[in-house]
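**Q** starting from these lines, generate the structure:
(one chain, ligands or ions: 2)
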Amino acid sequence: MSDEKVIIGVIGGSGLYNLDNLTPLKQVNPETPWGLPSSPITICALPSGKKVAFLARHGIGHTIHPSTVPSRANISALKSLGVRAILAFSAVGSLREEISPGSFVLPNQIIDRTKGVRPASFFEGTSIVAHASFGDPYSNKFVSWLESRVKKALDEEGRGVKLFTDKCIICMEGPQFSTRAESLMYRQLGGDLINMSALPEAKLAREAELSYALVATATDYDAWRPEEGTVTAAEVFKTLTQNANTSRHVAATILEEVHEAFAADGGDMLEEVGSMKLSIMPRSVQQNPGG
Ligand SMILES: CSC[C@H]1O[C@H](OP(=O)(O)O)[C@H](O)[C@@H]1O
Ligand SMILES: Nc1ncnc2[nH]cnc12
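**A** Numbering: from 1, shown residues only. Ligands and ions are numbered 1, 2, ... in the order given. Now for the predicted structure:
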């Protein structure tokens, strides 16, 4: 492999532990100031020879709890390879009837219901105080660019998988699933989807000035349907494998074009680059009590 930078990263969630429909070239395991990533990163070749970096969020054997995913190391390791854009995948519960298990969603909003136990900033533990802009937690341009491409890939696959956009994801702490009362509350709050991994990954991608989009893949109806049982891990597993196969198909179909879109330096898609420039609080001049 040449030293050419890998500009596209893919993060796989539950069920998606490899992109084995691409050609694996080698594995790298960059040590970062925040430790090692969740798993060694596989550098894969697309049919054109272009390279993408794949990282399994919970480790290849799914050994990492949602609350302890080393997200700072993951984002930092991908950035160290030259990654500019991350396409992340996640298994999610659906809080809306129309988003049936098996559906794919490109969310555009997040509600944070994590409990403060996850390091959520690269600046934590330092004396640098920085406030990233996070009103639009996913990269608007990347998400809108993806809409038609993901839809086309799903249509081509021919299994009738539906794609939804403009949805809000609740990120809860876990590892237990929600109570019925919580699930109903999340619907009232405006949540459409629920998972345990949307954050802090998206926040850290923003601090790292990376373009970041999430493909959420619905596995269950969580716990809000009055006449139905509540979500179990066994129910999630039923849909996980098929969703992962479809995710691999989507990735293989669109990644060549994603690569092209982000290849041009200063290109239109790199809207996060430079976004942290004015986010750091200026040091106030030390007052001298002696005059
Ligand atoms: C296996 S169900 C709960 C688990 O699945 C999701 O993981 P990921 O987002 O990495 O696909 C969810 O966030 C929970 O971590
Ligand atoms: N119902 C649910 N709640 C939280 N995370 C999930 N991941 C998949 N389904 C989920």
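
**Q** okay, CA-based contacts and neighbour counts for the rest of this
**A** Will do.

**Q** distance check, Gln176 against ligand 2.
**A** 8 Å (CA to the nearest ligand atom, to the nearest Å).

**Q** A strand includes that residue, no?
**A** No - the assignment for Gln176 (DSSP: H, G, I helix; E, B strand; the rest coil) gives coil, which keeps it out of a strand.

**Q** if I look at Gly125, how far off is Ala208?
**A** To Ala208, Gly125 is 17 Å away according to CA to CA, to the nearest Å.

**Q** can you name every helix or strand that the helix ranked longest in the chain contacts?
**A** For the chain, the helix with the greatest residue count under DSSP state H is helix 233-263. In this structure, helix 233-263 makes packing contacts with strand 8-12, strand 85-94, helix 140-157, strand 211-220, judged by 3 or more CA pairs under 8 Å, 6 or more residues apart in numbering; DSSP states H and E.

**Q** what sits opposite the residue nearest the centre of the chain in the beta ladder?
**A** When the chain is reduced to its mean C-alpha position, the nearest residue by CA atoms, centre = their mean turns out to be Ala88, at 3.6 Å. Beta-bridge partners of Ala88, counted by DSSP bridges, are Ile11, Leu214.

**Q** quick revisit: and the longest helix of the chain, which residues are buried?
**A** Of the residues in helix 233-263, those with enough neighbours to count as buried (16 or more other CA atoms under 10 Å) are 236-237, 239-240, 243-253, 255-256, 258-259, 261-263.

**Q** between it and strand 8-12, how many degrees?
**A** 180 degrees (axes from the mean of the first three to the mean of the last three CA atoms, to 10 degrees).

**Q** can you name the residues of this structure that neighbour ligand 2?
**A** Within the chain, the positions near ligand 2 by CA under 6 Å from any ligand atom are 91-93, 177, 194-196, 219-220, 222, 231.

**Q** ok, and which of those residues reach ligand 1?
**A** The subset of those within reach of ligand 1, by CA under 6 Å from any ligand atom, is 91-92, 195-196.

**Q** picking that back up, of the residues of the chain next to ligand 2, which is the most crowded?
**A** Val92 (33 neighbours; other CA atoms under 10 Å).

**Q** can you pull the contacts of Ser275?
**A** Under the criterion of CA atoms under 8 Å, 6 or more residues apart in numbering, the neighbours of Ser275 are 132-133, 209.

**Q** closest one to Pro40 out of the residues you listed, please.
**A** Ranked by distance to Pro40 (CA to CA), those are led by Glu209 at 22.5 Å.

**Q** count of neighbours near the closest one?
**A** Neighbouring residues of Glu209 were enumerated by other CA under 10 Å; the total is 21.

**Q** tell me the contacts of it?
**A** Going by CA under 8 Å, 6+ apart, Glu209 touches 272-276.

**Q** let's see 6 Å
**A** Listed by CA atoms under 6 Å, 6 or more residues apart in numbering, the contact set of Glu209 reads 272-273.

**Q** distance of it from ligand 2?
**A** Spatial separation of Glu209 from ligand 2 under the definition CA to the nearest ligand atom is 26 Å.

**Q** tell me the pLDDT at that residue?
**A** Reported pLDDT at Glu209 in the predicted model: 97.

**Q** the helices in the stretch 1-150 of the chain, which residues?
**A** Listed in chain order, the helices found in the stretch 1-150 of the chain under DSSP state H, counting those that start in this stretch are 71-80, 140-157.
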